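>>> what follows is a predicted structure for the sequence shown.
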Amino acid sequence: MRPIIGITSYVVPATWGVWHEVSTALIPNDYVAAVELAGGRAVILPPDERDADVLRVLDGLLLAGGPDIEPGRYGAEPAPLTESRPERDAGEFLLVRKALELDLPVLGVCRGMQVLAVATGGTLHQHLPDVLGHEQHRPAPGVYGEHEARFEGGSLIAKLMGDDLGIHCYHHQGVADPGTLRVTGRTEDGLAEAVEAPDRRFVLGVQWHPEVTRDQRLFGALVEAAG
Ligand SMILES: NCCCC(=O)O
């Protein structure tokens, strides 16, 4: 039996064929393909989970990328460029808190890393250009930033990826305080790129998009930990 990996989804207006702007629950298929290629059984979770019961049938959880977290979740007022979807937060925070309690393997990608940090008491920078003075983590609409990330020796991420890695990222927010997690990777500008929970079986968040570059190593590690 393949390990069952739940992937969080979201609602957006989508257009296909003769249908326009239909409210749609979706997830980029790159996440599904990555889990399946890694030997897992991907299950797309509804965007508005009202409890965490589904975790009883999951072996691992993949928190996908997406919009900003509602800043009230980390005690802040929304900044002008923050665009949140509180309904998605509600379901994902329920799931991730329970998953951490159960020590279920969790991989968070981009927003997913930010969810992990905030769910454990952390905070976010709401608009990185205000903090870093550049826009290189989201250079233009639809254009991925390219960076070099360096990883802490002995960390889980270093074991999986080596000392450093060229990454593709697309985000305007970042982890300021990682909560109870540990920052184990950063880009040259000091931004947190990887967080993990060394006291857990497998809890890892990365700010970049391994599904876009088809880097299977993190998905393979999630599936293996879930197996
Ligand atoms: N804040 C949601 C994840 C992507 C971004 O930071 O733009």
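Great, that's in hand.
>>> next, count neighbours for residue 181.
27 (other C-beta atoms under 10 Å). Where C-beta positions appear, they are placed from N, C-alpha and C, glycine not excepted.
>>> can you tell me which residues contact it?
Residue 181 makes contact with 116, 117, 120, 122, 195, 196, 197, 203, 205, according to C-beta atoms under 8 Å, 6 or more residues apart in numbering.
>>> just the buried ones from these?
116, 117, 120, 122, 195, 196, 197, 203, 205 (16 or more other C-beta atoms under 10 Å).
>>> distance check, the last one against the ligand.
Think residue 205. Residue 205 is 11 Å from the ligand, where distance means C-beta to the nearest ligand atom, to the nearest Å.
>>> mind checking the SS state of the residue lying closest to that residue once chain neighbours are set aside?
Computed as C-beta to C-beta, 6 or more residues apart in numbering, the closest residue to residue 205 that is not its neighbour in sequence is residue 113, at 3.0 Å. What DSSP: H, G, I helix; E, B strand; the rest coil gives for residue 113 is helix.
>>> any bit of the host helix or strand of residue 97 sitting next to the ligand?
Assigned by DSSP states H and E, residue 97 belongs to helix 86-102. No: Helix 86-102 lies apart from the ligand when judged by C-beta under 6 Å from any ligand atom; the minimum separation is 10.4 Å.
>>> what about that helix, distance to the chain center?
Its chain's C-alpha centre and that of helix 86-102 lie 12 Å apart, by C-alpha atoms, centre = their mean, to the nearest Å.
>>> helices or strands up against that helix?
strand 4-8, strand 10-16, strand 60-63, strand 106-109, helix 111-119 (3 or more C-beta pairs under 8 Å, 6 or more residues apart in numbering; DSSP states H and E).
>>> again, only using 10 Å
strand 4-8, strand 10-16, strand 41-45, strand 60-63, strand 106-109, helix 111-119, strand 203-206 (3 or more C-beta pairs under 10 Å, 6 or more residues apart in numbering; DSSP states H and E).
>>> now those in JSON lines, please, with extra columns for mean pLDDT.
Below are those laid out as JSON lines (pLDDT from 0 to 100):
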{"stretch": "strand 4-8", "mean pLDDT": "98"}
{"stretch": "strand 10-16", "mean pLDDT": "93"}
{"stretch": "strand 41-45", "mean pLDDT": "97"}
{"stretch": "strand 60-63", "mean pLDDT": "98"}
{"stretch": "strand 106-109", "mean pLDDT": "98"}
{"stretch": "helix 111-119", "mean pLDDT": "98"}
{"stretch": "strand 203-206", "mean pLDDT": "98"}
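>>> can you redo the ones you listed as a markdown table with distance to residue 126?
Converted to a markdown table, the helices and strands packed on helix 86-102 look like this (distance: least, C-beta to C-beta, whole Å):
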| stretch | distance to residue 126 |
| --- | --- |
| strand 4-8 | 21 |
| strand 10-16 | 20 |
| strand 41-45 | 26 |
| strand 60-63 | 19 |
| strand 106-109 | 18 |
| helix 111-119 | 11 |
| strand 203-206 | 18 |
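>>> stretch 141-161 close to the ligand?
No: applying C-beta under 6 Å from any ligand atom, one finds stretch 141-161 separated from the ligand by no less than 10.9 Å.
>>> report the buried residues of that stretch.
144-145, 147, 149-152, 155-158, 160-161.
>>> count of residues packed around residue 57?
Counted by other C-beta under 10 Å, the residues lying close to residue 57 total 9.
>>> leaving out chain neighbours, which residue sits closest to it?
Spatial nearest neighbour of residue 57, chain neighbours left out: residue 4 (6.4 Å); criterion: C-beta to C-beta, 6+ apart.
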